[in-house]
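Q: structure, please.
(one chain, ligands or ions: 2)
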Amino acid sequence: MIIVMKPGAKKESIQNIINIIEGKGLTAHISDGKEVTIIGVVGDKTRLQDQNLEIAEDVDKIVPVTESYKLANKKFHPEPSVIKVGNAVIGGDELIIMSGPCAVESRSQLLETAHAIKKAGAQILRGGAYKPRTSPYAFQGLEEEGLKFMKEAREETGLAVVCEVTSLAAIEAAVNYVDMLQIGARNMQNFYLLKEAGKTGLPVLLKRGLSATIDEWLNASEYIIAEGNPNVVLCERGIRTFETATRNTLDISAVPVIKDKSHLPIIVDPSHATGVRKYVKPLAMCAVAAGADGLMIEAHPNPAIALSDGPQSLTFPQLEELCAELRPLASIMGKKF
Ligand code: PEP
Ligand code: MN
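A: Ligands and ions are numbered 1, 2, ... in the order given. A predicted model of the protein is given here:
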């Protein structure tokens, strides 16, 4: 449940409510909005049954929160969250483009890509060093060596860098090299991994599971936030449906639904959603028009020889063209780019 205080509620009245909540062994989550303060209660709220909070000083109303996720819930935190990743800010007034290869393949491939995506206008470099591949015989990633190249690319270009982590060992290595951890679709409900990523305090990019409902996705984000790490960015990357024309089906409705239910920023990944290069641009445009805070776009110096996801990767000229076409659309949507 949340306790909505009256506009201009006194500090002592707010503290009084916090004391009652904490006195019952529950956690009070404070959201200081422009107009009102909202106090969210996390824990077994039946412990507050004998408290008449409705009539406490400066309390406006008590609203039950029926959803199982609380900290990710917009009712707990009505203002949109703004998340800093290196020099980039996600969820603010700027459209964010994360781009780069599916997998870090070599130092030269990554550095060349970093410079090219920066020139196109992207603010964050993505690249996988630990690749969750469908086949155990497919390229699995350069692991720590790949992370070192990510760090070098970040130092050379000033871009923020994000890398997927698939195990505790990967998290322990990645924290030394990257600005943001990515939890991939296949690990969205790996609750142990979510908690460990949460404990690092680094921003986490949480991709939607292949067959996850929006409710399950938000509950997964709750695992990270519950570790004291509110820096979560959601990424819609397509879901499994009966359709086979595209690799997955992009659920564009996830953008307005997330904006309605949560304060967390959401970006869209049309590369993994479609698996087809020529569909990336139309769906990227669609995502921005739907209100996404950013995009994840795979790009490669030579997609024909990419070790993974070549068919969906854009060439650098294609990325530049996409960014150029996004500019007027971003401006219509009130985003700088
Ligand atoms: C990726 O971003 O490279 C990736 C593997 O994505 P997903 O987890 O969405 O499949
Ligand atoms: Mn990929």
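
Q: can you pull the pLDDT of the residue nearest to Leu159 when sequence neighbours are not counted?
A: Among residues not flanking Leu159 along the chain, Leu125 sits closest, at 4.5 Å (Cβ to Cβ, 6 or more residues apart in numbering). Placement of C-beta: from N, CA and C, glycine included. We have a pLDDT of 98 for Leu125.

Q: just the element for Leu125, please.
A: Following DSSP states H and E, one finds Leu125 within strand 124-126.

Q: who does that strand pair up with?
A: Sheet pairing for strand 124-126, assigned by DSSP bridges, gives strand 96-100 (parallel), strand 160-164 (parallel).

Q: can I get those strands in a markdown table with mean pLDDT, distance to ligand 1 and mean neighbour count?
A: Shown next, in a markdown table, are these (pLDDT from 0 to 100; distance: least, Cβ to the nearest ligand atom, whole Å; neighbours: other Cβ atoms under 10 Å):
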| stretch | mean pLDDT | distance to ligand 1 | mean neighbour count |
| --- | --- | --- | --- |
| strand 96-100 | 98 | 9 | 28 |
| strand 160-164 | 98 | 6 | 27 |
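
Q: out of these, which comes closest to Asn219?
A: strand 160-164 (20.5 Å; Cβ to Cβ).

Q: gap between that closest one and the chain center?
A: 12 Å (Cα atoms, centre = their mean, to the nearest Å).

Q: go on, stretch 247-261?
A: Worked out by Cα atoms, centre = their mean, stretch 247-261 lies 13 Å from the chain centre.

Q: what about it, near ligand 1?
A: No: Stretch 247-261 does not reach ligand 1 (Cβ under 6 Å from any ligand atom); its nearest approach is 8.4 Å.

Q: specify the beta-bridge partners of the residue nearest to Leu159.
A: Under the criterion used (DSSP bridges), Leu125 bridges to Ser99, Val161.

Q: contacting residues around it?
A: 98-100, 110, 113-114, 117, 150, 153-154, 157, 159-162 (Cβ atoms under 8 Å, 6 or more residues apart in numbering).

Q: and it, how close does it get to Arg327?
A: Using Cβ to Cβ, to the nearest Å, one gets 20 Å for the distance from Leu125 to Arg327.

Q: now do Ser106
A: Separation of Ser106 from Arg327 (Cβ to Cβ): 32 Å.

Q: Leu329 reaches Gly291, doesn't it?
A: No: here Leu329 does not reach Gly291: they are 11.4 Å apart, not a contact under Cβ atoms under 8 Å.

Q: quick one: secondary structure of the residue nearest the centre of the chain?
A: Geometric centre of the chain, nearest residue: Val233, 1.8 Å, by Cα atoms, centre = their mean. With DSSP: H, G, I helix; E, B strand; the rest coil as the basis, Val233 sits in strand.
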